[in-house]
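What follows is a predicted structure for the sequence shown.
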There are 2 protein chains.
Amino acid sequence: MRNYIVLLVLLNFLFLSCNANQNDSKNLSGNENEIHPKLILTKKGVEEIRSHLGKLPLFDASLEKVKQEVDQEIELGIQVPIPKDYSGGYTHERHKRNFLMIQKAGVLYQILQDDKYGNYVKDMLFAYAKMYPTLPIHPKPRSYARGKLFWQCLNDSNWLVYASQGYDCIYNFLSEEERSVLENDLFKPFADYISIQNPQFFNRVHNHSTWGNAAVGMIALVMNDDALLDRALYGIKNAALASNAKDNDGGFIKNKEGKAGYFANLEEPFSPDGYYTEGPYYQRYAMYPFLIFAEALQNVKPEYEVFKFKNNVLLNSIDALLQLTDADGEFFPINDGQKGMSYYSRELVTAVDVAYAYGGNNSGLLSIAEKQQKVTLDDAGLAVALAIKDGKATLFDKKSVNLSDGSKGDEGGVGILRYGEEDLTLVFKYAAQGLSHGHYDKLSFSLFEKGEEVLQDYGLARYVNVEQKGGGNYLKENKTWAKQTIAHNTVIQDEISHFQGKYEIGSKHHSELHFFNADNSDVQLISAKENNAYPGSKMHRTLAVVKDEKYTKPYVLDVFRITSDQPHQFDLPYYYFGQPISMNFDVNTSSSIQPLGSKNGYQHLWLEATGQGATTSQFTWLNHNKFYTISSNTSKQDELLFARIGANDPNFNLRNDPGFIIRRKNVKQTVFATVIESHGTYSPVSEFSVSATSNIKKVQVVYDSEEYTVVQITNVENEVKTLIISNRDTNNQTKHSLKVNNKEFSWVGPFYFK
Amino acid sequence: MRNYIVLLVLLNFLFLSCNANQNDSKNLSGNENEIHPKLILTKKGVEEIRSHLGKLPLFDASLEKVKQEVDQEIELGIQVPIPKDYSGGYTHERHKRNFLMIQKAGVLYQILQDDKYGNYVKDMLFAYAKMYPTLPIHPKPRSYARGKLFWQCLNDSNWLVYASQGYDCIYNFLSEEERSVLENDLFKPFADYISIQNPQFFNRVHNHSTWGNAAVGMIALVMNDDALLDRALYGIKNAALASNAKDNDGGFIKNKEGKAGYFANLEEPFSPDGYYTEGPYYQRYAMYPFLIFAEALQNVKPEYEVFKFKNNVLLNSIDALLQLTDADGEFFPINDGQKGMSYYSRELVTAVDVAYAYGGNNSGLLSIAEKQQKVTLDDAGLAVALAIKDGKATLFDKKSVNLSDGSKGDEGGVGILRYGEEDLTLVFKYAAQGLSHGHYDKLSFSLFEKGEEVLQDYGLARYVNVEQKGGGNYLKENKTWAKQTIAHNTVIQDEISHFQGKYEIGSKHHSELHFFNADNSDVQLISAKENNAYPGSKMHRTLAVVKDEKYTKPYVLDVFRITSDQPHQFDLPYYYFGQPISMNFDVNTSSSIQPLGSKNGYQHLWLEATGQGATTSQFTWLNHNKFYTISSNTSKQDELLFARIGANDPNFNLRNDPGFIIRRKNVKQTVFATVIESHGTYSPVSEFSVSATSNIKKVQVVYDSEEYTVVQITNVENEVKTLIISNRDTNNQTKHSLKVNNKEFSWVGPFYFK
């Protein structure tokens, strides 16, 4: 026995030496004895996981769910059809399901050590290896970078990111010969196709390329192919790309500095705060390849210290992404974002588990994992499940936060003001363009109450993976409506979108933070300026979330100041939901309705009614049994428009949501001062209404100059609150004093509120 | 000591004798020693309740909640303002709150034996007694029967129903002198005002009168005033009422047979099945006075055997009312019904507890009580709480049921087809007019999936107790829209409502059941005819709920047959919710939209788009992440209209919900055969769509005669199902045979489906 052990140790020593030698050589991919899995699951991780099986409820439940799903698929048999459909169609959905199964079955093979799963992955991969060498470019022509399995390289990359993981899991289950077939007939040509043969896809700074980079990088790590890894990390050298080429969304292919590859994608679109310039919906989508590849790189090549890159930007970005959710965990639909996507998505399960395991064990993340009721079936998921079992979870700290945009953090940003436990959450966008998925809405905001939209950002015009709706892809109305400024809660000048709705102009500019202050939870403010949306006009918006004891709930004070060198028309829309209840101004309806305009999104709004401004115009509505009121300083010259989305929409692609628009004509300089209150409730069961009317009597701009803007709110008990905004000086130490209507105000810093 | 006891026994004997003597006299109300409470809470009940305090979680929780509520109000102090507002306004809501408090504090006084509550009730009642003698008629003029505390006698009656209970609870807490003041200055004149001085309110068969009858009856029982009780039970003798007088809702004041009082109200509007002709929303409203007075009568005068009246109609009605709810417990909004009202309302807590305690302890009711998380603080509530604690609750049996309408059960009815655990619930209305709250929609239906509306009944046009909306009362649009036929899912001829929308005509007629069959849960049918809505035209609708293994979910087959002596235009609307996804026919939209018509409700529909019928026209929509499709047999001559509610609505009183209308012109005889499928789901988190397209290829009417109508459904796999309806003979034993397209069908009974 003793001799036997000695022999084993000796053999092991020899093997390690041999392995070390091989590490010096150029190509290791043929080595049957190399340690696998190593990418996401590790050999050590598998051992630990196996030792905890049956002991960690969250992990066991996640495993059981995956097992059921994969068993069902194995039952159905392998289907690898000739590609032909857009998203939503059969071949698209089947190949999508297949790559998810390859990854999941691979994991099951490792954790359960059951050859059934190994064989399933093997057979599936061989079916692909058989088809791939003769597969033409996908027949559907819509993409700027058509794939082979799917209509766009993006989805082919999804496939490879998942398939790499499955391959890693069964690597040692295969013979060297088998691996050679898979690598030569499938993986290598696949990686080349989405990179060298599609540089316009691979060599960009864009979420598409991130997927491409990660796909190539992960298969490179499994195959131990350093040249391929280099391509993934730094892009194709000297790719020939036209400087003005654009993708399907109208975004530029070539970025300013000509950088490419994974690190460029990590460097550029993320701000130091971890905000991803395209917005949270795409950040969520990009997070998976970013993180899964980072995890793989950390496991296989820790020397890159990928998680420390750019001051932990990957970890910061997960925190930022979680902050960019409402009370239900749904992402704010800034830019192109489909509503309903949330931290319950599989990408965020990965993100939360990776952030916990590789980011210093932040216990707040565990409470999110508990809500997700799922962990990844790997080392990171094990760590989370163990910590939860040990009772380490604490509440995730959602707070008011200002997230800078731009790779250096100097291109505007997104501010979030939160009151209480998301009783009121305000999202203010004063960011950069957001690449090709950006919308033209500087200084816009949206408002949430406990996870419910009060004032909405429309989001995108698309039904992702609903084939009947344009193959599940972006609809024409995304450009003609969703991206236009009028689709957002911000000011539109002369019915023209910011930057004329032109990407070339918009992508050169960003708004500027004026100040952000959330020190006092009862009076939180954010203020920003936009000076380039309309040449000759300057826009400055300040939003305050105020909790005043005389009000049942916190309210929003919105001060939008515009100065221009010429008279213009300014529209300020508020997209509410629900049933109009009352207004204190006269309204005219008509028995025939037309669109509000003919272009720039206005052609999609039905004009349902028109009112004439009162001194303080008030509009109350009821939504989901809550009463809300907008109170705004207006005059008889102002028009109050009731609009509904849906005109010129022959395919019923738009949601028919309502909007309330304050229109001010022929002014050079003006301030819109508006209070948005959530003030009451209705119960259809008790039939009681509580606080059904506004608590506000007047909203007035009592002073306005280049230096200061002063707004007063008078409540129904005639109590007055005054907000003074310092329009120039934002220094926290500056002492100010101002006399307004014979009253002297003195204060320190960029604002006064009392 | 012994002597002392003997003396006490002696005194007691003398007192009892004295009491017995008084029972023979005419007026007992002055007797300080009479046993109280006796009305709802009884002396014996109070003792039992007190012996169980702290032992019954549900009862204790209910008590604690009421205690908190009342303590808060006592804290605020008593406010009895001079009446001036409509519902929703301060004085209305305050007096409403007061009567609830009088009742609740009275109960607390008894159960907790704390004088604090006795004094609160006493002080409140005296504040009313001080105000009442000089109180003029309420200043708001809108009602046909104006109250004093409220704008209508109805609400004054509410007050007295509750106040009687409070008075009963503190009866013995008051001196004889105090009672005399309350009775002479408040209760007697109050009872006279709502009865003798308002016979047009009191002497009707109507839910209003039920409240009036119960109010007078309950105070009569407390005061032991037999003359007053007689008035409550049988109405005012020889009241002078004009035979054509109408109330605010357009209903007749005087009923056909001149009956009045509580028993007439119990006799007439309830069918033997317990269906209340106004519909469930008003049944719920009327239930409280019906039941609370029945309970009082049973407790004080059991000789009336009120619960046995008309074959237990009160108890049947509670069962019917519970059957008339969706999966969330919300009442189907037949006729004037406000959506959201449910069995969680206080009236239904009473109903469920009374039904349990006085109706033979049906254990299914306990599961509803568990959901309500509340019991009444009286003998009935105690019984429920005890039984729940003993684990006796079972699931309430919701089932397919056909409820007859009319006091004899021969005036049509309402049929409910349920599949599974309310996976699909179809509500078919072929009832009588439903008094003044009835809508003009014979043979209409609505459809629910797990408590969610799939095809809606609009309900009423009113915001109950939202003062800004017309004082919380019925809005003009209730008549111009909600009551009109076009507001419902049924056929409209020549854009004219059934019975010309005239109450005088509608109230003379009712539809007729053809057959109802729910024996096989996979093929359930209901069929009814309407021959009076349009003179010269006969309508016959058959609805089937079918579960076919080739379909993921059950579907509805709707066969609407019309024969007329002249050509007409027929419109068949389906009011769906959500986003249109696709249609298999061409649709034209326009850049300017008009109302669909100029009257009978059509003036309130915007015509958004028009399509031309295909052979089988299919329209798919998405709502709350579920896919639905309507497939209907049409031709090129048919128009398919996409409409939206909200035209000619200057005060934004209507909800802007969409509708899909099949329009067939210039036909004398036709069959609309339509399948409504719920077939798929979408997840915005996984972004997967499942079964997003219809399973149906064709819906055809292959044969139609006066004897038989034959409809065939062909699915996408070309499998055919055939429904044959026997249009004349509904005998279950009749043997039929029919040759259609060279195929022979033979069957027994009124329908064939295979």
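Okay, I see it. Numbers count the residues shown, from 1 in each chain, chains lettered A, B, ... in the order given.

show me what contacts residue A:739?
Contact analysis of residue A:739 by Cβ atoms under 8 Å, 6 or more residues apart in numbering or on different chains lists residue A:745. The way it works is simple: take the backbone N, C-alpha and C, and place the C-beta from them, glycine included.

Residue A:645 too?
Neighbouring residues of residue A:645 by Cβ under 8 Å, 6+ apart: A:458, A:481, A:487, A:604-606, A:654-659.

ok, residue A:387 - how many residues close by?
Other residues near residue A:387 come to 20 when the count uses other Cβ atoms under 10 Å in any protein chain shown.

Which residue is the nearest non-sequential neighbour of it?
With sequence-adjacent residues excluded and distances taken as Cβ to Cβ, 6 or more residues apart in numbering or on different chains, residue A:387 is closest to residue A:366, at 5.6 Å.

helix or strand right after the host helix or strand of the one you found?
Assigned by DSSP states H and E, residue A:366 belongs to helix A:365-372. Beyond helix A:365-372 in the direction of the C-terminus, DSSP H and E gives the next helix or strand as helix A:379-389.

still on that earlier bit, from residue A:389, how far off is the residue nearest to residue A:387?
Counting by Cβ to Cβ, to the nearest Å, the gap from residue A:366 to residue A:389 is 10 Å.

circling back to that earlier point, specify the angle between the helix holding residue A:366 and helix A:379-389 in degrees.
90 degrees (axes from the mean of the first three to the mean of the last three Cα atoms, to 10 degrees).

which residues touch the helix or strand encompassing residue A:414?
Assigned by DSSP H and E, residue A:414 falls within strand A:413-419. When contacts are defined by Cβ under 8 Å, 6+ apart, strand A:413-419 is touched by residues A:271, A:273, A:275, A:323-324, A:332, A:334, A:398-405, A:424-431, A:513, A:516, A:518, A:521, A:524-526, A:528, A:543, A:545, A:547, A:554.

Determine how far the helix or strand that that strand is followed by lies from the middle of the whole chain.
Per DSSP H and E, the first helix or strand lying C-terminal to strand A:413-419 is strand A:424-430. How far strand A:424-430 lies from its chain's middle: 14 Å, per Cα atoms, centre = their mean, to the nearest Å.

In contact with the closest residue to residue A:293 other than its chain neighbours: list those residues for me.
Leaving aside its sequence neighbours, residue A:293 sits nearest to residue A:214 (Cβ to Cβ, 6+ apart; 3.8 Å). The contact partners of residue A:214, by Cβ under 8 Å, 6+ apart, come to A:157, A:161, A:232, A:262, A:289-290, A:292-293.

neighbours of whatever residue of the stretch 351-500 of chain A ends up closest to chain B, just the number please.
In the stretch 351-500 of chain A, the residue that lies nearest chain B is residue A:468 (3.9 Å; Cβ to the nearest Cβ). Close neighbours of residue A:468, defined as other Cβ under 10 Å, add up to 19.

show me the contacts for it.
Residue A:468 makes contact with A:88, B:581-582, B:620, B:692-693, according to Cβ under 8 Å, 6+ apart.

Which two of the residues you listed have the greatest separation?
Pairwise distances among the contacts of residue A:468 were taken by Cβ to Cβ; the largest, 12.9 Å, belongs to A:88 and B:620.

buried stuff in the helix or strand harbouring residue A:105?
Element membership of residue A:105, judged by DSSP H and E, is helix A:90-112. Using 16 or more other Cβ atoms under 10 Å in any protein chain shown as the test for burial, helix A:90-112 gives A:91-93, A:95-96, A:98-111.
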